[in-house]
Every structure is written in structure tokens, then in C-alpha cells.
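Visitor: give me coordinates for this.
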Amino acid sequence: MRNFFISYNRADERWAEWIAWTLADAGYTHYFQKWDFRPGGNFVLDMQQATTDSERTLLVLTTNYLSSLYTQPEWAAAFAKDPTGTKRLILPIRVDSCEPAGMLNTVVYCDLVGLNVEDARTRLLAALQPSGKPEIAPPFPGVPSTIAAFPGPFASAQMPIDPLCSAAKELQSIFATSGETFRAQARLRDDLSQRIHSRLGITRHHEYEELFDLYFNQLLPDELRLHRTIRAYTESILHEYNTRALRLVEREPRLGDFLPSVPVLKQHLILWLNKFDHVFVKTPSMCLLYVGVEERRGFPRQIEGELEHYLHTGTPAPRVETSEEFGEFAEEESGSQARFWSWRHNQVVRLHALEQRMPELTTIVTIEPTDDFRREQLTTTEEAYSRLIAGWVPPGLLHDEDLWLPRVEALSRDIDAAMRSGAPPEVIESAAALRHALFEKEYSTSHNKLADALPSLVPLKAHEHELGLGSAVSDVWKGLSSLFRSRIYE
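Guide: Below is the predicted model:
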């Protein structure tokens, strides 16, 4: 059993090697990938041995480390063994300006940022000890003694911390980590986009969000794994850091006095988080979340320069006039018309693609009822189709909506009555969403109730026989879908 397993991102190998050498020089044993994982060995088995045969896990904490998905399992196992930290099985060593998020945020780290080599070595080795008690008595902080004064240097008083400066440094650290995460995600995004375009022969331009959503149901297993990795970046690291950034600017409003772009940043974060909660989490085909294209509330990149200016000078940063603020996106009426018809064309293309894909998947699932992957794809496709047609038709164009609403409401009551304990989470959530759309939303019209209810029927349709409802859900979904589809004029 060795003392430590050193967990690090490959981009920080120099820091990891210095720490490994310092520990070994002090008599500690450890597993260090560069030294211990030799050519010819099995990486997975080597990693398994290193994590299970080490007393503690030492993390080389950097922006690269926090933005990587592949380092998370390395510390998650140690965290599971010691969630309260009483055994100190996880020891984070911070070597650049970064702020851990989530569960890792609760673990106290050893900070080496800004230290010279001797001070860094002393602090690192001290962090390994069971107690932080110094070897010599600290200076007496009270009234000076009348006895002859100690001739050595006095302990310097700790400078008070400026909350505004501290908030600016934290915001800068958040941007560093989230920016590195965004760039890592962008590399995977470009890889997936290239694969889809090459394999399917796509020549038409699509925004990334639209591309991955439109062709989600045609992804191969390896492409789907890549899609899920990109989505994991969005729903874990990016969501966590955007939430922290918004809380920070709301907690310290004085940042706006020194950083002119704070109001734009706040609008961006509010819109991003709102889109995450109301669209992203409900749409499995989405893996990216941008608000700079259609919503025109992109991240104000100039704020990074404003932070640098304030932290170096302590004075308000000058306002940088951006083209977006001065009408770069202002368009003539003819341009708006062209944009509308382009959007309309894309909607029709997407509609036809979904309508073509649904029968194909239905046939596969019918022939191979145990194919869970295709069954999941069918559910996702039908949900996307439901959202598309329900959101396309404006109020006032449906026929017989007042006849359909009582039927859907009666079905919702039947579903609630048939619900049993232990029902799958997607059934419980969909039943609750259906109930909310029909009975709990204030000021909702018959049209809006039916439009909101339609996507919620899809997961319920997949479990209707388990609920003892026969084909009741399928019949309503098909009829309601036909009602909306009949009012779409291509």
C-alpha cells in the first residue's frame, strides 16, 4: 500500500512531477502515471491498481483538471470512501488560480499559487501532516511586555481583505475554468460536427445546436457517446460555474461600478440558466447551450480585460464600445423577411426528417422489442416532433380544441389513478408535467394546454400497458398530433 495516488491532467504534468519528486524526496511513496505506468502495461489495470492500492489521493488542482471529465472518476472513488473528510483521503493541491465546484468545493485545498520553490515545498509537506500546529510558539498578539523586547522580526499584521477585490479575483477564476471547459467542449463539438457532415453528406449550413438536435436520431453509437460527453460538460461544469458567476455578481453589486460589462454579463447568465432549466434539461437531443446566436446575448468577452485592468490598477475599467451594442444586428425589413423564410424552410426540413425517422424506428422497435437504444431514440424523436408541431401552430388555428381538452383531461386523471409505487421516474415526471399543463398553469388557454400536454404524452405512451391503460395514451397522442399537424401549411 503506497501513501498517495497523484491525480492530474496531462497538461499539468510538470507540476505533478515536481510534487511527485518532492514527496518521494521526503520519504513518501506514491503512484505517478509518468513514472509507474510503463510501456507494455495495461492502462486500465494500472489505474485500477493505483487507485485501490493507495492510502490517499492527491489532486493537482488546476483549471485544466477541473474542466476535464476524465479526472473526475479518479477522485470520486476516494470521495465516496470519505464523504465527510474525516480521514482526509482527498488532498487537493492548488497550483493555479481556479475554484473547484460541486462536491470538490467542500474539500479544503493546499494553496501553492504565487509561492517560491522553498515556500511551496514547505507548505506542501506541512499539508501532509495530521496537524497544522507549528513547531515553535507563535508571537504573543496582546499588549507588549515590559521585559526586554525580542530582537527578531515581529509578525506582520495580516492585511484586511477587500471584499470587492476578492469577488473580482473569484470571478476571474470562474472565467478561467469555464473558458477552458468551453474550449475543450468546442473541440469535441467540431469533431462530432465533422463526423455527421462527412457520413451523412450534409451540405447545408446549420448552427451547432440545430445540427445536433436535427440529426440526433441518426447518430451512430460512437457519435452518441461523443454527444453525451459534450452534454456532460454543459450540465455539470458549465452549469455550475455560470450559476456561481451569477450569484457572485448579484452578491457584490459594486462590481458594476468598476466593470462596465457586468449588466451584459448578468443578462447573459440569466438567459443561459433560464434556457438550461426550461429547454436543455427537457431535451435529450441537445448537447450544447448557446445564447449568443438567436437570443443575441453572448458572453461579453471584454469583461476579462476589464477584470485585468481593475485588479492591476484598482480603478474602474474604461468602457469598450462593441459592435453588437451599436446595431451590428440591426436589419432592414427585407433582411427580416429573408431570415423568416430561412427559418421556415429549416422547420419544414426538420419536420420531414422527423416524420421519416419515426416509422423507421417504430419498425425496428417492433421487430426488436429489447433494443433499448432504438426505443430511447424513438421516444426522443416523438418528443421532438411533438414540440415542433405544438409550437408551430399559433393560437386560433386549431379546430375542435374545446372537444379535445376534456378528453385529454380525463386521460390525465386516469393516469394518476393508475399510478403505482415504484413507477419509472420518467413516468412520474411526465404524469406530473401533464397534470401541470392541464390543471395547474394560471391563465392558460385551451390551445396552450393542449400544446404543453402533447410532448408529455410520449413517455407515458411507452408505459401505457404497464399502467393498464391499453392504447388510450397512444390514441390521444396520435389524434392530438394529427390535429396540430393538419394546421401546418408548408
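Visitor: the stretch 51-200 of the chain: strands as residue ranges?
Guide: 54-61, 90-94, 110-111 (DSSP state E, counting those that start in this stretch).
Visitor: most tightly packed of these?
Guide: Highest mean neighbour count of those: strand 54-61, a mean of 24 (counted as mean count of other Cβ atoms under 10 Å). (Glycine included, C-beta is placed from N, CA and C.)
Visitor: which residues touch it?
Guide: The contact list for strand 54-61 (Cβ atoms under 8 Å, 6 or more residues apart in numbering) reads 1-9, 12, 15-16, 19, 23, 30-31, 51, 65, 71, 74-75, 77-78, 88-95, 98, 100, 109.
Visitor: and if we set it to 7 Å?
Guide: Strand 54-61 has contacts (Cβ atoms under 7 Å, 6 or more residues apart in numbering) with 1-8, 12, 15-16, 19, 31, 65, 74-75, 78, 88-95, 98, 100, 109.
Visitor: now that strand against strand 90-94, angle please.
Guide: Going by axes from the mean of the first three to the mean of the last three Cα atoms, to 10 degrees, strand 54-61 is angled at 30 degrees with respect to strand 90-94.
Visitor: average pLDDT for strand 54-61?
Guide: Regarding strand 54-61, the rounded mean pLDDT is 90.
Visitor: with stretch 141-160 instead?
Guide: 52.
Visitor: in the stretch 101-250 of the chain, mark out all the helices, start to finish.
Guide: 117-127, 163-200, 208-214, 221-233, 239-251 (DSSP state H, counting those that start in this stretch).
Visitor: following element in sequence after the helix or strand of the chain with the lowest mean pLDDT, please.
Guide: Lowest mean confidence among the helices and strands of the chain (mean pLDDT, DSSP states H and E): helix 333-367, at a mean of 72. For helix 333-367, the succeeding helix or strand toward the C-terminus, using DSSP states H and E, is helix 372-392.
Visitor: which elements pack onto that following helix?
Guide: helix 333-367, helix 446-461, helix 472-485 (3 or more Cβ pairs under 7 Å, 6 or more residues apart in numbering; DSSP states H and E).
Visitor: can you do 10 Å?
Guide: If contacts are counted by 3 or more Cβ pairs under 10 Å, 6 or more residues apart in numbering; DSSP states H and E, helix 372-392 sits against helix 208-214, helix 221-233, helix 333-367, helix 446-461, helix 472-485.
Visitor: now do that helix against helix 446-461, angle only.
Guide: 180 degrees.
Visitor: list the buried residues for the following helix or strand past helix 372-392?
Guide: Going down the chain from helix 372-392, the next helix or strand is helix 401-418, by DSSP H and E. The neighbour-count check on helix 401-418 (16 or more other Cβ atoms under 10 Å) flags 401, 404, 405, 408, 409, 411, 412, 415, 418 as buried.
Visitor: list the contacts of the third one.
Guide: Right, the one you point to is residue 405. Applying Cβ atoms under 10 Å, 6 or more residues apart in numbering to residue 405 gives the contacts 438, 445, 446, 447, 449, 450, 453.
Visitor: any idea of the pLDDT on it?
Guide: Reported pLDDT for residue 405: 91.
Visitor: what do you get for the first one?
Guide: Model confidence at residue 401, expressed as pLDDT, equals 81.
Visitor: can you report phi and psi for the closest residue in space to residue 163 that isn't next to it in sequence?
Guide: Nearest non-adjacent residue to residue 163, counting by Cβ to Cβ, 6 or more residues apart in numbering: residue 252, 6.7 Å away. Per-residue torsions, residue 252: phi -120, psi 80 (degrees, to the nearest 10).
Visitor: if you compare the helices of the stretch 101-250 of the chain, which one is most tucked away?
Guide: Scoring the helices of the stretch 101-250 of the chain by mean neighbour count under mean count of other Cβ under 10 Å gives helix 208-214 as the most buried, with a mean of 19.
Visitor: so of the helices and strands packed on helix 372-392, which one's packed in deepest?
Guide: Counting by mean count of other Cβ under 10 Å, helix 446-461 has the highest mean neighbour count of these, with a mean of 22.
Visitor: packing partners of that helix?
Guide: Using 3+ Cβ pairs under 10 Å, 6+ apart, helix 446-461 sits against helix 372-392, helix 401-418, helix 425-435, helix 472-485.
Visitor: so can I have TSV of those showing distance to residue 202?
Guide: Shown next, in TSV, are the helices and strands packed on helix 446-461 (distance: least, Cβ to Cβ, whole Å):
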stretch	distance to residue 202
helix 372-392	18
helix 401-418	37
helix 425-435	31
helix 472-485	25
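Visitor: go through the ones you listed and name the closest to residue 182.
Guide: helix 372-392 (25.5 Å; Cβ to Cβ).
Visitor: any idea how far that closest one is from the chain center?
Guide: Centroid displacement of helix 372-392 relative to its chain, using Cα atoms, centre = their mean, to the nearest Å, is 23 Å.
Visitor: to residue 83, which of the helices and strands packed on helix 372-392 lies closest?
Guide: helix 221-233 (21.8 Å).
Visitor: closest to residue 182 among the contacts of residue 405?
Guide: residue 453 (36.2 Å).
Visitor: so that closest one is in contact with residue 440, correct?
Guide: No: if you go by Cβ atoms under 10 Å, residue 453 and residue 440 don't touch, sitting 11.9 Å apart.
Visitor: on that earlier part again, want to try a markdown table for the strands of the stretch 51-200 of the chain, with distance to residue 165 as columns?
Guide: What follows is these, written out as a markdown table (distance: least, Cβ to Cβ, whole Å):
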| stretch | distance to residue 165 |
| --- | --- |
| strand 54-61 | 22 |
| strand 90-94 | 19 |
| strand 110-111 | 17 |
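Visitor: looking at the ones you listed, which is nearest to residue 426?
Guide: strand 90-94 (34.1 Å).
Visitor: which residues does that closest one contact?
Guide: Residues outside strand 90-94 that contact it (Cβ under 10 Å, 6+ apart): 4, 6-8, 15-16, 19, 56-62, 65, 75-79, 81-82, 100, 103-104, 107-113, 120, 123-124, 127-128.
Visitor: quick check: which ranges of the stretch 301-450 of the chain have low pLDDT?
Guide: Scanning the stretch 301-450 of the chain for pLDDT under 70 picks out 320-346, 442-444.
Visitor: any idea how far residue 467 lies from residue 406?
Guide: Counting by Cβ to Cβ, to the nearest Å, the separation of residue 467 from residue 406 is 20 Å.
Visitor: understood, closing this out.
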